[in-house]
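J.: Prediction below, plus the sequence it came from.
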Amino acid sequence: MIELKDIQKRLREEINNSRYSQKEIAEKLGINPSTVSKYTRIDVYPALDTFANLCDILEVSADEILGLKK
């Protein structure tokens, strides 16, 4: 079963292990850097369009983040 906490964990790991800083990711997404920080610290999740763009920036498949693909 897929759980939201696991999705957030995988997203957090990808952001933290990215070659980009949170500020750079935010600039690429056109959002506030504090929002990217919230994705890694608390139960704040990106909108679907932001999630898709975030996966593109991080060069990771959405399936991997969602736990649909190992």
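T.: Cool, the structure landed.
J.: Mind naming the longest helix for this structure?
T.: helix 4-16 (DSSP state H).
J.: so residue 18, which of the three states?
T.: Judged by DSSP: H, G, I helix; E, B strand; the rest coil, the three-state class of residue 18 is coil.
J.: Which residues are in contact with residue 54?
T.: Applying CB atoms under 8 Å, 6 or more residues apart in numbering, we find residue 54 in contact with 11, 15, 25, 29, 46. In short, each C-beta sits where N, CA and C put it, glycine included.
J.: no, scratch that, I was asking about residue 55
T.: Shown in contact with residue 55 (CB under 8 Å, 6+ apart): 61, 62, 65.
J.: rerun at 6 Å
T.: For residue 55, the residues meeting the contact criterion (CB atoms under 6 Å, 6 or more residues apart in numbering) are residue 62.
J.: picking that back up, after the longest helix of the chain, which helix or strand is next? Please name it.
T.: The helix or strand immediately downstream of helix 4-16 is helix 22-29, counting by DSSP states H and E.
J.: Give me the pLDDT value at the closest residue to residue 18 other than its chain neighbours.
T.: Closest residue in space to residue 18, ignoring its immediate chain neighbours: residue 58 at 5.5 Å, by CB to CB, 6 or more residues apart in numbering. pLDDT recorded at residue 58 is 98.
J.: Can you read off the backbone torsions of residue 58?
T.: Recorded main-chain torsions at residue 58 are phi -80, psi -10, according to degrees, to the nearest 10.
J.: Now do it against residue 12, distance only.
T.: Residue 58 sits 11 Å away from residue 12, going by CB to CB, to the nearest Å.
J.: Those two - which one has more neighbours?
T.: When residue 58 and residue 12 are compared on other CB atoms under 10 Å, the one with more neighbours turns out to be residue 58, at 19 against 13.
J.: pretty sure the more buried one is touching residue 14, no?
T.: Yes - with contact defined as CB atoms under 6 Å, residue 58 and residue 14 form a contacting pair (4.9 Å).
J.: Alpha carbons of stretch 2-16, as CSV, please.
T.: The C-alpha atoms that make up stretch 2-16 are tabulated as CSV, following Å, rounded to 0.1, in the frame of the first residue of the first chain:
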residue,chain,number,x,y,z
ILE,A,2,1.3,3.5,-0.9
GLU,A,3,1.3,5.9,2.0
LEU,A,4,1.7,9.7,1.9
LYS,A,5,4.5,9.7,4.4
ASP,A,6,6.5,7.5,2.1
ILE,A,7,5.9,9.7,-0.9
GLN,A,8,7.1,12.7,1.2
LYS,A,9,10.2,10.8,2.4
ARG,A,10,11.2,10.0,-1.2
LEU,A,11,10.5,13.6,-2.4
ARG,A,12,12.5,15.0,0.6
GLU,A,13,15.5,12.7,-0.3
GLU,A,14,15.4,13.7,-3.9
ILE,A,15,15.4,17.4,-3.1
ASN,A,16,18.1,17.1,-0.5
